[in-house]
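Novice: 3D model of this:
(chains A and B)
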Amino acid sequence: MHVAVCIKQVPDTWARQSLRADDGTLDRAAVASVLNELDEYAVEAALQLAEAAGGTVTALTMGPESAADVLRAALAQGADAAVHVCDPALHGSDALATSLVLARALERAGADLVVCGAESADARMGLLPAMLAERLGYAQLTLADALAVRDGIVHGERTLEGARETLEAPLPAVVSVVEHANEPRNPSLKAMIAAKRKAIETLTCAELGIEPARVGLAGAATAVRDARPRPARQAGRRLVGGAELAAEIADFLATRATS
Amino acid sequence: MSRDVLVLAGHDAGVPRATTLQLLTLARRWGRPVAVHLGPGAELAREAVAAHGAAELLVLDDARAERHPVVPAVDALAHAAAGRELAAVLLPAGGEGREIAGRLAVRLDAGVLTDVTPGERPEEAEQAVLAGGTLVRAAVVRGVPILALAANAVAAEPLAAPAETIVAPLGLELGEAACRTTVTARTPAPQGGRPSLAEARAVVAGGLGLGSAEGFALAERLADRLGAAVGASRAAADALYCERALQIGQTGKVVAPELYVALGISGAIQHVAGMQGAGTIVAINRDPEAPLLELADLAVVADAFEVVPALIEELERR
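Specialist: Numbering: from 1, shown residues only, chains lettered A, B, ... in the order given. Sure thing, here's the model as predicted:
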């Protein structure tokens, strides 16, 4: 079984972030970049599923040159190979274009099972796993917190809208995992050194047979018209004390009654 | 003539969800609402859907749509879209709405925006990005706009007189590809009668300041008094004071209720990202330096274990 895991470099979620004034894309220079946190669970899930089936794992990302860092990290975790789609034409790609590029790269790699994090911490659209399944014609099993593959069927469990669900889908399939789906392993020093020697394959749009006009800002079906910081909330009234404040708080709640 | 607006009309055993009525209200603003109903129960849904202005109710009365997630809804919407002049396709952002929207966008090669607040026209909408701290006015520039709307982004308003809704079968036969993924078991989790976190109009959230799972029950008691949903900070969820599903923040759920009450939550960016769209914020914290107190409309510097039981008593008396 060949497992591919799609990962993304995102700005650190614990830091303040901003968009570029000129084209409304993320100002990557302004903030430290890290592996999308949910993707740590995706990498671990891919490794566990491949180990159980005696398969291999390929880590895949699309992004600027710096995004190779997250592939190095995945290799250190234990991925066997890494593919980096890197092309200036991709700058500003929307979800449709990103899914097109990743789908082409996945077809080229020939994965039976594609693992993704449920969403990225920056855009939070949560569209990519479903879009990949649509483009590849694979079954989808998303938002899982437990996964296993037996006899060509992927089994998963998830909580959706308060209900606990058990699902199954035949391979080939795209799966996505949520936070705490597993315990991501810490790479050993030896694995980190070994990862430095593993090659990362770099691909351009041309090598994937994608016309540059279909991707990037020019090929996007959505656009950012403008971006502004959320208006700062004004500090309101402050009360200091103990149980005697109850009546005053209740009065305040009454003025803001919801129904 | 006004164009059609397709609405994915989610329901629970035929009872339209609150989000469905919100989407129909918005659809009326932009054109002729056409509701798409999957599974049995359309007869039950008809009245509320008509009251909120649906000109048509297209029904895919196939129980398989309930067992096989996402793809049947994509097939149904794509089938309904064919041959129509559409102003927009509207879905709820919650549950599987985003995934259905994403797949439909690939099929129609049309722009999709998720978790949006609507703008004046369907081509424009507002999204919160980058830890919720940045508001983006986003536009769909190719194809029919496909919008997955945030819960409570629009208030549902019934018409004075219900629409004369045409109920018709969708005329689609689900194929093998729609039924590959199967839900083999579904167990509704007990919610203790509380509203769901994503859609609630009021939320009471607890943080590390509540000290323990036993202490966290204080948030639950106040929530039940206020008819609110219960949420938690990541720190409280990490400390296992509550279920992981209650986590609000950058990782976890994003909520925008009319009232948000935080007990013992300091207010890390991580958490604020998930709740700063709330209408009114009340923060109760012993630490006068807690950043969340600076964002609150009412900041209470007090021990939650002293003030909240007294508040619950006060609310009961009134």
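
Novice: So which residues of the stretch 1-150 of chain A form strands?
Specialist: Using DSSP state E, counting those that start in this stretch, the strands assigned to the stretch 1-150 of chain A run over residues A:2-6, A:9-11, A:33-35, A:56-62, A:81-85, A:113-117, A:139-144, A:146-150.

Novice: burial measure for the closest residue to B:Ala55 other than its chain neighbours, as a count.
Specialist: The shortest distance from B:Ala55 to any non-neighbouring residue, by Cβ to Cβ, 6 or more residues apart in numbering or on different chains, is to B:Arg32 (4.7 Å). For the C-beta atoms, the positions are set from N, CA and C on the backbone; glycine is no exception. Residues lying near B:Arg32 (other Cβ atoms under 10 Å in any protein chain shown) number 20.

Novice: Would you format the strands of the stretch 1-150 of chain A as a markdown table with mean pLDDT included?
Specialist: Shown next, in a markdown table, are the strands of the stretch 1-150 of chain A (pLDDT from 0 to 100):
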| stretch | mean pLDDT |
| --- | --- |
| strand A:2-6 | 97 |
| strand A:9-11 | 83 |
| strand A:33-35 | 82 |
| strand A:56-62 | 97 |
| strand A:81-85 | 97 |
| strand A:113-117 | 96 |
| strand A:139-144 | 96 |
| strand A:146-150 | 97 |
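
Novice: Can I get those in JSON lines including distance to chain B?
Specialist: Output for the strands of the stretch 1-150 of chain A, formatted as JSON lines (distance: least, Cβ to the nearest Cβ, whole Å):
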{"stretch": "strand A:2-6", "distance to chain B": "14"}
{"stretch": "strand A:9-11", "distance to chain B": "7"}
{"stretch": "strand A:33-35", "distance to chain B": "12"}
{"stretch": "strand A:56-62", "distance to chain B": "17"}
{"stretch": "strand A:81-85", "distance to chain B": "18"}
{"stretch": "strand A:113-117", "distance to chain B": "10"}
{"stretch": "strand A:139-144", "distance to chain B": "4"}
{"stretch": "strand A:146-150", "distance to chain B": "13"}
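
Novice: quick one, what contacts the spatially most central residue of chain A?
Specialist: The centroid of chain A falls nearest to A:Ser120 when counting by Cα atoms, centre = their mean (3.9 Å). Neighbouring residues of A:Ser120 by Cβ atoms under 8 Å, 6 or more residues apart in numbering or on different chains: A:8, A:10, A:36, A:38, A:128.

Novice: which residues of the stretch 101-250 of chain B score low on pLDDT?
Specialist: Regions of the stretch 101-250 of chain B meeting the criterion pLDDT under 70 cover residues B:130-131, B:189-192.

Novice: how about the strands of it, start to end?
Specialist: Using DSSP E, counting those that start in this stretch, strands in the stretch 101-250 of chain B cover B:112-118, B:124-129, B:134-140, B:146-149, B:166-169, B:182-188, B:202-206, B:229-232.

Novice: ok, now which ones touch A:Glu244?
Specialist: Applying Cβ under 8 Å, 6+ apart, the residues contacting A:Glu244 are B:Ala310.

Novice: one step back: wait, which of the strands of the stretch 101-250 of chain B is closest to B:Ala283?
Specialist: Nearest to B:Ala283 among the strands of the stretch 101-250 of chain B is strand B:202-206; the distance by Cβ to Cβ comes to 9.8 Å.

Novice: just checking, what packs against the closest one?
Specialist: Under the contact criterion of 3 or more Cβ pairs under 8 Å, 6 or more residues apart in numbering or on different chains; DSSP states H and E, strand B:202-206 touches helix B:213-226, strand B:229-232, strand B:259-263.

Novice: Can you give me the distance of A:Gly219 to B:Val141?
Specialist: Applying Cβ to Cβ, to the nearest Å, the value for A:Gly219 to B:Val141 is 10 Å.

Novice: Distance to chain A and mean neighbour count added to the helices and strands packed on strand B:202-206, as JSON lines?
Specialist: Formatted as JSON lines, these follow (distance: least, Cβ to the nearest Cβ, whole Å; neighbours: other Cβ atoms under 10 Å in any protein chain shown):
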{"stretch": "helix B:213-226", "distance to chain A": "8", "mean neighbour count": "18"}
{"stretch": "strand B:229-232", "distance to chain A": "11", "mean neighbour count": "28"}
{"stretch": "strand B:259-263", "distance to chain A": "6", "mean neighbour count": "29"}
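
Novice: closest one to B:Glu99 among the ones you listed?
Specialist: Closest to B:Glu99 of these is strand B:229-232 (Cβ to Cβ; 23.2 Å).

Novice: Give me the distance from the closest one to the chain's centre.
Specialist: Here strand B:229-232 is found 15 Å from its chain centre; the criterion is Cα atoms, centre = their mean, to the nearest Å.

Novice: For burial, what's the neighbour tally of B:Ala18?
Specialist: Using other Cβ under 10 Å, the number of residues around B:Ala18 comes to 16.

Novice: Which phi and psi values does it adopt?
Specialist: Torsion angles at B:Ala18 (phi, psi; degrees, to the nearest 10) stand at phi -60, psi -40.

Novice: Show the contacting residues for the closest residue to it other than its chain neighbours.
Specialist: Here the nearest residue to B:Ala18 in space, its sequence neighbours aside, is B:Glu199; by Cβ to Cβ, 6+ apart that works out to 6.1 Å. Contacts for B:Glu199 (Cβ under 8 Å, 6+ apart) come out as B:18-19, B:94, B:151-152.

Novice: try it again with 10 Å
Specialist: Counting by Cβ atoms under 10 Å, 6 or more residues apart in numbering or on different chains, B:Glu199 touches A:161, B:17-19, B:22, B:92, B:94, B:150-152, B:229, B:255, B:257.

Novice: Next, format the strands of the stretch 101-250 of chain B as JSON lines and append distance to A:Ala46.
Specialist: Putting the strands of the stretch 101-250 of chain B into JSON lines (distance: least, Cβ to Cβ, whole Å) gives the following:
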{"stretch": "strand B:112-118", "distance to A:Ala46": "25"}
{"stretch": "strand B:124-129", "distance to A:Ala46": "27"}
{"stretch": "strand B:134-140", "distance to A:Ala46": "31"}
{"stretch": "strand B:146-149", "distance to A:Ala46": "27"}
{"stretch": "strand B:166-169", "distance to A:Ala46": "43"}
{"stretch": "strand B:182-188", "distance to A:Ala46": "23"}
{"stretch": "strand B:202-206", "distance to A:Ala46": "33"}
{"stretch": "strand B:229-232", "distance to A:Ala46": "29"}
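
Novice: Quick one, which of these gets closest to A:Ala195.
Specialist: A:Ala195 sits nearest to strand B:124-129 of all the strands of the stretch 101-250 of chain B, at 31.8 Å, using Cβ to Cβ.

Novice: is any part of the closest one close to chain A?
Specialist: Yes: contact between strand B:124-129 and chain A is present through B:124-129 (criterion: Cβ under 10 Å from any Cβ of the partner chain).

Novice: Which other helices and strands does that strand contact?
Specialist: If you count contacts as 3 or more Cβ pairs under 10 Å, 6 or more residues apart in numbering or on different chains; DSSP states H and E, strand B:124-129 packs onto strand A:222-229, strand B:112-118, strand B:134-140, strand B:146-149.

Novice: returning to that earlier point: tell me, what's touching A:Gly219 and B:Val141 both at once?
Specialist: In terms of Cβ under 10 Å, 6+ apart, A:Gly219 and B:Val141 are both contacted by the residues A:Asp94.

Novice: Thanks a lot, catch you later.
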